[in-house]
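**Student:** Coordinates only, no sequence provided:
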């Protein structure tokens, strides 16, 4: 008798990826192979259904949806139809059989730097305080360009700013470096970074620049300044003076609202208001200033002190 051999098929249940690179440079195309499998990992050679693609990379170009032909025998190579653009571990996914099959991880590396950017500079900075920021080199897809080795210098519209010195990036920086700046003049101030063109490993890179803006506000109150009457005051005369708060850089601390205690080296009475009815030694600043009301009780050179 004659033995007849038959190959039986079960329904297709999943897709399987092969031919994937372990690593790829952002923007470079590669060719995934997608095989239709049954529950026992057999190739379903007579599959003629549809496969659709997605990716963990929001910037990816995925292969278009495809209807398998009988001539594909359940295996299809999507030649140069997959492009990943975001660095890190990314995956492709195939769907169409009621399930989603996910590929192994593909490590995406950055391209050469095409821009530099200032990040993390706060929208407001206190005068006289160290303000941190990060300078990042990026490729055309916004990835950190880890191979960046450019040299950068800093400038500012604040002529009294204390800036970082020029810096030469190394491969160890991975395209990102933390710096700090001290602004001293109030108002809207711009921080600018410049990198001249340079050549590395036989490649010439163009000049790049970046800038970011911050509003410099006064620092912590460092001293109080009195605006006293210019003319001598008679004993028991009523008079007023203004107290103004300043930071360590002599910027007016116009948002200060703290309390101060006033004292004099001679006998003197301080009052809460212009009616001179209620004595006090404590005043609360509004917008960095307060008016005091006083009557001197002793002849001599009067010195008034404010402290918080």
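**Tutor:** Looks like it arrived, so ask away. Predicted model, so just to flag it, every value in this text is computed and none were measured.
**Student:** did I read that right, residue 256 in a helix?
**Tutor:** No - secondary structure of residue 256 (DSSP: H, G, I helix; E, B strand; the rest coil): coil, not part of a helix.
**Student:** can you tell me which residues contact it?
**Tutor:** 221, 245, 285, 287, 288 (Cβ atoms under 8 Å, 6 or more residues apart in numbering). Where C-beta positions appear, they are placed from N, C-alpha and C, glycine not excepted.
**Student:** Any idea what the first one is bridged to?
**Tutor:** The reference is to residue 221. Assessed by DSSP bridges, residue 221 has beta-bridge partners residue 247.
**Student:** Would you mind measuring from it to residue 151?
**Tutor:** According to Cβ to Cβ, to the nearest Å, residue 221 stands 40 Å off from residue 151.
**Student:** Could you single out the nearest of the contacts of residue 256 to residue 66?
**Tutor:** The closest of the contacts of residue 256 to residue 66 turns out to be residue 287 (Cβ to Cβ; 68.7 Å).
**Student:** Please verify my assumption that the closest one contacts residue 255.
**Tutor:** Yes - the pair residue 287 / residue 255 is scored as a contact, 6.8 Å apart, by Cβ atoms under 8 Å.
**Student:** Under the pLDDT cut-off, which ranges of the chain? List them.
**Tutor:** Within the chain, the segments meeting pLDDT under 70 span 1-12.
**Student:** just the strands in the stretch 201-308 of the chain please.
**Tutor:** 203-205, 208-217, 221-227, 238-247, 259-264, 268-271, 282-284, 289-296, 304-307 (DSSP state E, counting those that start in this stretch).
**Student:** out of those, nearest to residue 179?
**Tutor:** Across these, residue 179 has its closest neighbour in strand 208-217 (11.6 Å, Cβ to Cβ).
**Student:** In the closest one, which residues are buried?
**Tutor:** For strand 208-217, burial by neighbour count (16 or more other Cβ atoms under 10 Å) applies to 208, 210, 212, 214, 216, 217.
**Student:** what two of those are the furthest from one another?
**Tutor:** Put simply, by Cβ to Cβ the two of the buried residues of strand 208-217 set farthest apart are 208 and 217, 30.2 Å from each other.
**Student:** Thanks a lot, catch you later.
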